[in-house]
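**Student:** Okay, sequence plus prediction incoming.
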Amino acid sequence: MAFDFDMIKAVYGNLPDRVAAARRMVGRPLTLTEKILYSHLTHAANKPYERGKSYVEFNPDRVAMQDATAQMALLQFMQAGRPKVAVPSTVHCDHLIQAEVGAKKDLTVALEKNKEVYDFLSSVSNKYGIGFWKPGAGIIHQVVLEQYAFPGGLLIGTDSHTVNAGGLGMIAIGVGGADACDVMAGLPWELKFPKLIGVKLTGKLSGWASAKDVILKVAGILTVKGGTDKILEYFGPGAESLSCTGKGTICNMGAEIGATTSIFCYDNKMSEYLIGTKRSDVASAADAVAEHLRGDKEVYENPEKYFDEVIEINLSELEPHVNGPFTPDLAWPISKFKQAVLDSNWPRYFEAGLIGSCTNSSYEDLTRSASIARFAAKNNLKAKAEFIVTPGSEQVRFTAQRDGLLNDFENMGAMVLANACGPCIGQWARHRKSSEEPKNSIITSYNRNFAKRNDGDPNTHAFVASPELVTAMTLAGDLCFNPMTDTLKNENGQEVKLEEPQGLEMPLKGYAVEDAGYQEPAKDGSMVQVAVSPTSDRLQLLDPFPAWEGVDLKGLLLLIKVKGKCTTDHISMAGPWLKYRGHLDNISNNMLIGALNAFNGKADSVKNQVTKQYDSVPNVQRSYKASRIGSIVVGDENYGEGSSREHAAMEPRFLGVRAILVKSFARIHETNLKKQGMLALTFANKEDYDRIQEDDTIDILGLTEFAPGSQLKVVFHHIDGSRDIVTVNHSYNANQIEWFKAGGALNIIRAQVEG
Ligand code: SF4
């Protein structure tokens, strides 16, 4: 089930007809993105979808989950009552391994520390037909590229860098756990039909310039918000000259500009990569439908006519870039970087250079970087900063070791970490002395460099560059070093100029691995027990939420009237709370603790209407729950924006909040609330927000006639005996109303499975 060639054949079998139908319906040539999206619709479209506006339902082909986000996704999936996942799915244990002293020891520590999480993920995967990649097997996106991605497919993954698979011609999109759960349970998946940016690449990379520099430049052009609700489609002769893994790097970092995803057309480089990673059958099947795995010729001849925006980059003129600090869109061509460092007074002498991660740990990346390390050893150059290497998968690590690349790095003094996220996600026990200057720099080949991302320290200035440039700069330990123009003094006092990096796209002897770290699920998982200790504080099996009582909701109390911005982070904070993401009861102790109470301007301080005392939001709600009193949350504009984490919808549901009434919702959060069986309502008249008083009790009327497009009434009974009756809107369709009635979407699926 984890790798399903029949599924790929079925996708390709339908592709020509679906593309032809979409072209007829749209009435013009199609981009690749449109071909893939229109061929994955749940229902054939009869008119073109409006880009950036229409919400559309799709059937994804695959689901991939990383270990941190998989926990709640799979706990929810268990509620669906299905014997197996509906689409091929995998779990990857990569986020929970802390980097400290090197691969072997760090992995041993992680296996002990996270045992209950790994045991749960392994057993739940085994039971439900999910491929399980053990701790140390590799980073989700590298493994997906090597094993599962295929041109023309649609993948969703519970991680924002799922987009990496666009390097192999797939529409691959990062989602929340609730979406993954739905798709595994057989429900469609909804996406706002994206706008399209065409990126035309001409010329050819040479010398120090690499695929990484393409996306570093694009990030500088579009900035961190420029890709929001957009898909970047790369094309042109330059695109065809890039290796498949290089394309993956470019798509991976598209997440940094907020893009829904990025994609390249199917070409020879992809075919070669599929063959090189032992998937000749997929390559042959893709070759047979190759014309449908690219945008139409007319589109690329006149891109301005078909894309919402077009960018052109000549790879022959592209300079290596260094981006940062603190944001990935602060893009500096290497020739301008030295001056920027000096002018801005950034810490010039950096302490660590880190290469690898899911973004840049391909064989090509490692060979190009190793060529510099080898040259350094030959010329008696020593690294002037700590050097850290993170292979992306066991396959890449094993092959790199066999071919002497890890040896080259170790000769340069490198510490090789486990095949896992490590410092890229802040899982880095960095060894800084308290006597050292707090302000410091590091340079990485990762993708994100926001403050505290890598080591939790707001003083760390993190810069991002290609692995070969990071390797070269680590020999200097100096951000002002430009290997294209400058020399380094070696141990003999001689000035040495580095040679340009040389690499191989794929290993000449082929990829090899002894134990890839994969666990195939049981064919029949019915007898497999899912391992969750009842005393665990990190994991807790879920109970189904109760169904609606069938009557209007009366006598609810106001829990909080939120003032101003309330993102999903305000509703369910991250940081230290993340360790409870598999334990709904424990993580609910962070519910709304970041939101501002409109009545006192304070966070996490609301009036308990029973005791009349102020207390934290979770405490007050828990006391209402204990007394079986429902409550409502009132919010401002764009309530629930930000990350799509489902905990922000599950926590209020779990603690007994019955409705969220706001001026407006962020769409994903609104849908998440509906899925959990909550009432998500908006004021028909936004000024009514001001009528709500701190001691109100509330009735929600009209639920027995709850229907698509209907309005409901909400009565606010004030403490002085007066009342306000306000009209509220909702956006529930008929299915979603059934979710509300049943107490949540998963209750419906379970009833269907059992029925
Ligand atoms: S290596 Fe970094 S970017 Fe990649 S999946 Fe891990 S944390 Fe995310």
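**Tutor:** Noted; the coordinates are in hand. Numbering: from 1, shown residues only.
**Student:** And the helix or strand encompassing residue 119, how far out from the chain middle?
**Tutor:** According to DSSP states H and E, residue 119 maps onto helix 115-128. Distance, stretch centre to chain centre, for helix 115-128: 21 Å (CA atoms, centre = their mean, to the nearest Å).
**Student:** Just give the nearest non-adjacent residue to the residue nearest the centre of the chain, would you?
**Tutor:** Centroid-nearest residue in the chain: residue 160, 1.4 Å away (criterion: CA atoms, centre = their mean). Distances taken as CB to CB, 6 or more residues apart in numbering place residue 174 nearest to residue 160, at 4.0 Å, with adjacent residues excluded. Glycine gets a C-beta too; all of them are placed from N, C-alpha and C.
**Student:** what helix or strand is the nearest residue to residue 21 once chain neighbours are set aside on?
**Tutor:** Among residues not flanking residue 21 along the chain, residue 44 sits closest, at 6.6 Å (CB to CB, 6+ apart). Using DSSP H and E, residue 44 sits within no helix or strand.
**Student:** re earlier: the residue nearest to residue 160 and the ligand, how far apart?
**Tutor:** The gap separating residue 174 from the ligand is 10 Å, by CB to the nearest ligand atom, to the nearest Å.
**Student:** what number of residues lie near that residue?
**Tutor:** 23 (other CB atoms under 10 Å).
**Student:** got it, and the one 3 residues further on?
**Tutor:** Other residues within reach of residue 177 by the criterion other CB under 10 Å amount to 26.
**Student:** contacting residues for it?
**Tutor:** By CB atoms under 8 Å, 6 or more residues apart in numbering, the contact set of residue 177 is 65, 69-70, 72-73, 76, 158, 645-646.
**Student:** any chance of those in CSV, plus secondary structure, pLDDT and distance to residue 561?
**Tutor:** As requested, those are arranged in CSV below (DSSP: H, G, I helix; E, B strand; the rest coil; pLDDT from 0 to 100; distance: CB to CB, whole Å):
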residue, secondary structure, pLDDT, distance to residue 561
65, strand, 97, 36
69, helix, 92, 31
70, helix, 96, 35
72, helix, 95, 28
73, helix, 96, 32
76, helix, 96, 30
158, coil, 94, 32
645, coil, 85, 23
646, coil, 92, 24
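**Student:** Of those residues, just the buried ones, PyMOL syntax please.
**Tutor:** PyMOL command restricting those to the buried ones, with burial defined by 16 or more other CB atoms under 10 Å:
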select buried, resi 65+69+70+72+73+76+158+645+646
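**Student:** Return the residues of the chain in contact with the ligand.
**Tutor:** Contact residues (CB under 6 Å from any ligand atom) of the chain with the ligand: 94, 139-141, 159, 161, 357-358, 421, 424-425, 446-447.
**Student:** can you tell me which of the residues you listed lies nearest to residue 741?
**Tutor:** Closest approach to residue 741 among the residues of the chain next to the ligand (CB to CB): residue 159, at 33.1 Å.
**Student:** partners of the residue nearest to that closest one when sequence neighbours are not counted in the sheet?
**Tutor:** What sits nearest to residue 159 in space, not counting adjacent residues and going by CB to CB, 6+ apart, is residue 66, at 4.8 Å. On the basis of DSSP bridges, residue 66 is bridged to residue 92.
**Student:** Show the contacting residues for residue 66.
**Tutor:** 91-95, 140, 157-159.
**Student:** hmm, 7 Å instead?
**Tutor:** Residues in contact with residue 66 (CB atoms under 7 Å, 6 or more residues apart in numbering) are 92, 94-95, 140, 158-159.
**Student:** What of residue 633?
**Tutor:** With contact set as CB under 7 Å, 6+ apart, residue 633 has these partners: 559-560, 562, 652, 657, 660.
**Student:** now the helix or strand encompassing it: how far from the chain's centre is it?
**Tutor:** Using DSSP H and E, residue 633 sits in strand 631-635. Centroid displacement of strand 631-635 relative to its chain, using CA atoms, centre = their mean, is 29 Å.
**Student:** Using PDB, write down the CA coordinates of the next helix or strand after that strand.
**Tutor:** With elements assigned by DSSP H and E, the helix or strand that comes after strand 631-635 is helix 647-655. Extracted in PDB, the C-alpha atoms of helix 647-655 (Å, rounded to 0.1, in the frame of the first residue of the first chain):
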ATOM      1  CA  HIS A 647      -5.700  21.600  17.600                       C
ATOM      2  CA  ALA A 648      -7.100  25.100  17.500                       C
ATOM      3  CA  ALA A 649     -10.400  23.700  16.500                       C
ATOM      4  CA  MET A 650     -10.300  20.500  18.600                       C
ATOM      5  CA  GLU A 651      -9.400  22.100  21.900                       C
ATOM      6  CA  PRO A 652     -12.500  24.300  22.200                       C
ATOM      7  CA  ARG A 653     -14.600  21.400  21.100                       C
ATOM      8  CA  PHE A 654     -13.000  19.100  23.600                       C
ATOM      9  CA  LEU A 655     -13.500  21.500  26.500                       C
END
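**Student:** Name the strands paired with the next helix or strand after helix 647-655 and say parallel or antiparallel.
**Tutor:** Under the assignment DSSP H and E, the closest C-terminal helix or strand after helix 647-655 is strand 657-662. Strand 657-662 pairs in its sheet with strand 631-635 (parallel), strand 679-683 (parallel), by DSSP bridges.
**Student:** Just tell me which of those strands ends up closest to residue 304.
**Tutor:** Closest to residue 304 of the strands paired with strand 657-662 is strand 679-683 (CB to CB; 38.3 Å).
**Student:** Kindly format the C-alpha coordinates of the closest one as CSV.
**Tutor:** Presented in CSV, the C-alpha positions along strand 679-683 are these (Å, rounded to 0.1, in the frame of the first residue of the first chain):
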residue,chain,number,x,y,z
LEU,A,679,-20.7,26.0,15.2
ALA,A,680,-18.7,28.6,13.2
LEU,A,681,-20.8,31.7,12.9
THR,A,682,-20.3,35.3,11.7
PHE,A,683,-22.1,38.5,12.6
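**Student:** now it against helix 647-655, angle please.
**Tutor:** With axes from the mean of the first three to the mean of the last three CA atoms, to 10 degrees as the basis, strand 679-683 and helix 647-655 are set at 110 degrees to each other.
**Student:** What is the neighbour count of the residue in the stretch 1-150 of the chain positioned nearest to the ligand?
**Tutor:** The ligand sits closest to residue 139 of the stretch 1-150 of the chain, with a gap of 4.8 Å, by CB to the nearest ligand atom. When neighbours are counted by other CB under 10 Å, residue 139 registers 34.
**Student:** ok, how many other residues are close to the residue nearest to it when sequence neighbours are not counted?
**Tutor:** Using CB to CB, 6+ apart and skipping residues adjacent in sequence, the residue nearest residue 139 is residue 358, 4.1 Å away. Residues lying near residue 358 (other CB under 10 Å) number 31.
**Student:** What does residue 358 show for phi and psi?
**Tutor:** Note on residue 358: its backbone torsions stand at phi -70, psi -20 [degrees, to the nearest 10].
**Student:** Test my guess that it contacts residue 161.
**Tutor:** Yes. Counting by CB atoms under 7 Å, residue 161 is a contact partner of residue 358 at 5.9 Å.
**Student:** List the contacts of the nearest residue to residue 416 once chain neighbours are set aside.
**Tutor:** Take residue 416 and drop its neighbours on the chain: the residue closest to it by CB to CB, 6+ apart is residue 389, 4.9 Å away. By CB under 7 Å, 6+ apart, the residues touching residue 389 are 355-356, 409, 414, 416-417.
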